[in-house]
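*Asks:* show me the folded form of this:
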Amino acid sequence: MVQNDKKRVLILLSAYNGEKYLREQLDSLLALGGGFSYTVRIRDDGSGDGTRAILSEYAKRCGFEVLFGENIGYNASFFSLIDGAEEDFDYYALCDQDDVWLPGKFVRAAEFFGREEGGPLLYSGVLCLASEDLSESRVLPYPKRGVDFYNAMIQNVCSGHTMVFNAPLLRLIKGTFSEGILSYDHWILLAATAFGKVLYDDVPQVLYRQHGKNAVGASGGGKGAAKKLGYLRAGRGRAMTLQLQAFCTRFRDRLKEEYLREAERFLGASGFCRRVKYAFRGKAYRQSGAETLAFRFLFALGAYRARPSRSPGKEKE
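*Replies:* Take a look at the predicted model:
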């Protein structure tokens, strides 16, 4: 698949017990267009079904690079792939095992990259939720409030399967995995907003299959908002706080003073009065006004207080 006279793309896929939909995803990677040179590297995270046999078949027949490992959870598995990625590719992309990529994904991403002068860049796009058989789909709203560090502090609007990034951003995130990370894609978004730029596309390039067993699912509308708030009540807010804390610890000497100061205000709001003050004066926000109000209320009540808990980085797919 590799031709050295073309822009080089490294696709990183973590697989785990994905035999049901894996072939469709791998076939969609083979159908990618645009004249790029694609390298597909896959790590199997200790699957116990027919996933390994499928991967071995595609490795032999299509030249995919396949690594077989023990089960360490999807966060650690993706970071293992990121840490092992060479830094001489033009573009890097993260891939789930159960979606379908559209042929123009990298043509579109390259157009966005071509408008920028350099530095850490992250291309991402709106989610296109698809039914299990892909017969129905709907596009979720574009983040109209923009994507910046203050939003990324408490919300991830760039799902991993939509991400394409460059070597400067890869270098930033390599070797940064820690137990405080809630999700690998949210960590990458934090790095991109803190040190580079997010290029957000309103045209979807992936069919995000919803089948009830997604490692991380998505939904829209009223039910989607209720589900997001349910995550916070169940401890998701605290996990986001632990992730922000880990991010600031890792990059403290490199963060802009304004970002570090805001994060410290967020993290230091321990007592009720200080939480109420930050809730209504802080810069952290979510994309919808209703969700931002809910965040303020939950923050004031302590839903974002960091408490020792089992690391989300050890979750299985």
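*Asks:* for stretch 76-96, what is the distance to the chain centroid?
*Replies:* Mean-position distance between stretch 76-96 and its chain equals 12 Å (Cα atoms, centre = their mean, to the nearest Å).
*Asks:* can you give me the end-to-end span of that stretch?
*Replies:* The first residue of stretch 76-96 is 14 Å away from its last residue (Cα to Cα, to the nearest Å).
*Asks:* what is the mean pLDDT for it?
*Replies:* Looking at stretch 76-96 alone, the average pLDDT works out to 98.
*Asks:* buried sites along it?
*Replies:* Along stretch 76-96, these residues count as buried under the neighbour rule (16 or more other Cβ atoms under 10 Å): 76-82, 85, 89-96. For the C-beta atoms, the positions are set from N, CA and C on the backbone; glycine is no exception.
*Asks:* again, but for stretch 104-116
*Replies:* Of the residues in stretch 104-116, 105-106, 108-110, 112-113 count as buried by neighbour count, 16+ other Cβ under 10 Å.
*Asks:* gap between residue 11 and residue 238?
*Replies:* Residue 11 sits 33 Å away from residue 238 when distances are taken as Cβ to Cβ, to the nearest Å.
*Asks:* tell me which of the two has more neighbours.
*Replies:* Using other Cβ atoms under 10 Å as the criterion, residue 11 and residue 238 rank with residue 11 on top: 24 against 20.
*Asks:* report the secondary structure state of that one.
*Replies:* strand (DSSP: H, G, I helix; E, B strand; the rest coil).
*Asks:* give the bridge partners for it, please.
*Replies:* Counting by DSSP bridges, residue 11 is bridged to residue 40, residue 93.
*Asks:* same thing with residue 137?
*Replies:* Residues in a beta bridge with residue 137, per DSSP bridges, are residue 130.
*Asks:* thought it was touching residue 129?
*Replies:* Yes. Applying Cβ atoms under 8 Å, one finds residue 137 in contact with residue 129, separated by 6.3 Å.
*Asks:* neighbour count winner among the two?
*Replies:* Legend: neighbour count by other Cβ under 10 Å for residue 137 and residue 129, higher for residue 129 (19 against 15).
*Asks:* what's near enough to touch the nearest residue to residue 86 once chain neighbours are set aside?
*Replies:* Of all residues not flanking residue 86 in the chain, residue 10 sits nearest, at 7.4 Å (Cβ to Cβ, 6 or more residues apart in numbering). Counting by Cβ atoms under 8 Å, 6 or more residues apart in numbering, residue 10 makes contact with 39, 41, 85-86, 89, 91-93.
*Asks:* of those, closest to residue 260?
*Replies:* Lowest distance from residue 260 to the contacts of residue 10 (Cβ to Cβ) belongs to residue 92, with 27.0 Å.
*Asks:* how near is that closest one to residue 10?
*Replies:* Look at residue 92 and residue 10: by Cβ to Cβ, they are 5 Å apart.
*Asks:* which residues do the two both contact?
*Replies:* Common neighbours of residue 92 and residue 10 (Cβ under 8 Å, 6+ apart) are residue 85.
*Asks:* wait, isn't residue 136 in contact with residue 128?
*Replies:* No. If you go by Cβ under 8 Å, residue 136 and residue 128 don't touch, sitting 10.7 Å apart.
*Asks:* what about the strands in the stretch 51-200 of the chain?
*Replies:* Under the criterion DSSP state E, counting those that start in this stretch, strands of the stretch 51-200 of the chain are mapped to 65-69, 91-95, 100-101, 121-125, 128-130, 137-139, 164-165, 197-201.
*Asks:* residue 45 and residue 75 touch, don't they?
*Replies:* No. Residue 45 is not in contact with residue 75 according to Cβ under 8 Å; the separation is 10.3 Å.
*Asks:* surely residue 141 meets residue 126?
*Replies:* Yes. Residue 141 is within contact range of residue 126, at 7.4 Å (criterion: Cβ under 8 Å).
*Asks:* more crowded one of these two?
*Replies:* Comparing residue 141 with residue 126 by neighbour count (other Cβ under 10 Å), the higher total belongs to residue 126, at 20 against 13.
*Asks:* once you drop chain neighbours, what's closest to residue 287?
*Replies:* Using Cβ to Cβ, 6+ apart and skipping residues adjacent in sequence, the residue nearest residue 287 is residue 143, 4.9 Å away.
*Asks:* counting neighbours, what do you get for the one you found?
*Replies:* Using other Cβ under 10 Å, residue 143 has 20 other residues around it.
*Asks:* what pLDDT does it get?
*Replies:* For residue 143, the predicted pLDDT is 93.
*Asks:* export stretch 98-115 as CSV, just CAs?
*Replies:* Taking C-alpha atoms only, stretch 98-115 is exported to CSV below (Å, rounded to 0.1, in the frame of the first residue of the first chain):
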residue,chain,number,x,y,z
ASP,A,98,-16.8,-0.9,14.0
ASP,A,99,-17.3,2.2,11.9
VAL,A,100,-17.0,2.8,8.2
TRP,A,101,-14.8,5.6,6.8
LEU,A,102,-15.9,7.5,3.7
PRO,A,103,-13.5,7.6,0.7
GLY,A,104,-12.8,11.3,0.8
LYS,A,105,-11.8,11.5,4.5
PHE,A,106,-8.2,12.5,3.8
VAL,A,107,-8.9,14.6,0.8
ARG,A,108,-11.1,16.7,3.0
ALA,A,109,-8.6,16.8,5.9
ALA,A,110,-5.7,17.7,3.6
GLU,A,111,-7.7,20.7,2.3
PHE,A,112,-8.0,22.0,5.9
PHE,A,113,-4.3,21.4,6.7
GLY,A,114,-3.3,23.2,3.5
ARG,A,115,-4.8,26.4,4.8
